[in-house]
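Asks: Fold the following.
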Amino acid sequence: IGEGFNLQKEIFIRAAWLADELNRESTTRTTGIQWTVVLPPWCFLAHWKVSKGTVRDWETFFDVQFLQRATFPVIEYKEYAARMGTKASAAAAAEGGGGVTVPAVDLILHLESFRPKEWVPSFQAISCSESQIFQKYFELVNEQDTMAKGVYSGYCNEIRTPRVECLQTWGLGSTFLAKLIGREIIQKEGGASSSPPPPPISSVFVKNLDHTTGPYDWRYHQYRKLLFPSLRIREVGEAFVSRKLQRPYLAAHVRRTDFATYA
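Replies: The predicted structure follows:
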């Protein structure tokens with residue numbers, strides 16, 4: 001929430017890298033699972049002069065059809081919410097919410113940073129009930145501290161889950177989560193035969209993916225090129241260039257409010 005638009009869209013690159021790794025491991029294990037990147041709605045960001053609760057889809061800013069050329073499936077959040085209506089109803093009923101229906105996921109992975117004793121890439125599990133950062137966004141709603149509901153993106157969407165895990169990370173690429181998510185799937189599918197198997201994990205929400213890094217090679221540019229501006233934005237830009245500028249020209253990003261406040 002504290003970052004601006006350009007920094008937040010960099011999270012897509014981390015998610016894309018993770019999805020590719022998950023699908024590669026799925027192919028290796030021949031599980032048949034294909035992971036999809038869900039594009040979170042744009043709601044409230046730093047430097048945006050909009051009220052909380054304003055929701056914009058990715059198609060407002062990017063060419064989603066071009067995005068779907070990726071090596072993994074990509075859908076808007078509203079499409080995911082429509083698909084998950086049944087699961088959302090079940091999650092609400094489990095919590096005693098009656099007819100309340102909000103989108104749900106099988107697992108939420110909450111990330112936050114920490115200072116390891118040795119400065120090497122690492123992570124550690126922590127208790128969600130003891131994490132003040134986690135409780136800023138989510139509310140634990142059962143005695144076992146495993147079921148939660150809370151903010152999905154930008155103070156605009158509530159989401160529920162029957163299970164949460166909290167991790168502290170430092171210096172790791174987003175793909176380190178692929179092993180953890182894969183392990184959860186194997187554990188779920190390999191339950192004891194004497195008891196009914198638990199529902200498989202088919203959806204994971206990673207909160208604060210900015211506490212991981214993206215790829216530092218050709219893949220970064222491969223993912224970033226998918227973020228092609230929408231047709232409307234291209235048309236507005238071309239019209240401005242035609243009226244106000246002459247090619248070639250040099251563009252600079254000047255954020256007036258920062259200069260007005262600090263200069």
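
Asks: longest helix of the chain?
Replies: Among the elements of type helix in the chain, defined by DSSP state H, the one spanning the most residues is helix 5-29.

Asks: distance between the helix or strand following that helix and the chain's centre?
Replies: Of the helices and strands lying after helix 5-29 in sequence (DSSP states H and E), the nearest is strand 37-39. Relative to the centre of its chain, strand 37-39 is centred 7 Å away, using C-alpha atoms, centre = their mean, to the nearest Å.

Asks: low pLDDT regions in the stretch 1-150 of the chain?
Replies: Where the stretch 1-150 of the chain drops to pLDDT under 70, the residues are 1-3, 29-31, 46, 85-102, 142-146.

Asks: Do you have the strands of it handy? List them.
Replies: In chain order, the stretch 1-150 of the chain shows strands spanning 37-39, 74-76, 107-113, 122-126, 138-140, 148-151, with DSSP state E, counting those that start in this stretch as the criterion.

Asks: Which of those sits closest to Thr169?
Replies: Proximity to Thr169, assessed across these by C-beta to C-beta, is greatest for strand 122-126 (4.4 Å). Placement of C-beta: from N, CA and C, glycine included.

Asks: beta partners for the closest residue to Gln124 other than its chain neighbours?
Replies: By the measure of C-beta to C-beta, 6 or more residues apart in numbering, the closest residue to Gln124 outside its immediate chain neighbours is Gln168, 5.3 Å from it. Beta-bridge partners for Gln168, by DSSP bridges, are Glu112, Gln124.

Asks: For Gln168, give me its contacts.
Replies: Neighbour list for Gln168: 111-114, 123-124, 126 [criterion: C-beta atoms under 8 Å, 6 or more residues apart in numbering].

Asks: 6 Å - rerun?
Replies: Each residue near Gln168 by C-beta atoms under 6 Å, 6 or more residues apart in numbering is listed here: 112, 114, 124, 126.

Asks: can you redo those as TSV with neighbour count and distance to His47?
Replies: Supplementary listing: the contacts of Gln168 in TSV, determined by neighbours: other C-beta atoms under 10 Å; distance: C-beta to C-beta, whole Å:
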residue	neighbour count	distance to His47
Glu112	16	23
Phe114	13	28
Gln124	11	33
Ile126	17	31
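
Asks: now for the strand or helix carrying His221, which elements pack on it?
Replies: Element membership for His221, per DSSP H and E: helix 218-224. If you count contacts as 3 or more C-beta pairs under 6 Å, 6 or more residues apart in numbering; DSSP states H and E, helix 218-224 packs onto no helix or strand.

Asks: What's opposite the residue most central in space within the chain in the beta bridge?
Replies: For the chain, Val206 is the residue whose C-alpha lies nearest the centre (C-alpha atoms, centre = their mean; 5.5 Å). Taking DSSP bridges as the rule, Val206 bridges to Leu109.

Asks: I'd guessed it sits against Leu109; true?
Replies: Yes: Val206 is in contact with Leu109 according to C-beta atoms under 6 Å; the separation is 4.8 Å.

Asks: how about Leu18, what does it touch?
Replies: By C-beta under 6 Å, 6+ apart, the contact set of Leu18 is 174-175, 177.

Asks: I'd like those residues written out as CSV, with secondary structure and distance to Ser26 added.
Replies: Supplementary listing: the contacts of Leu18 in CSV, determined by DSSP: H, G, I helix; E, B strand; the rest coil; distance: C-beta to C-beta, whole Å:
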residue, secondary structure, distance to Ser26
Ser174, coil, 16
Thr175, coil, 13
Leu177, helix, 14
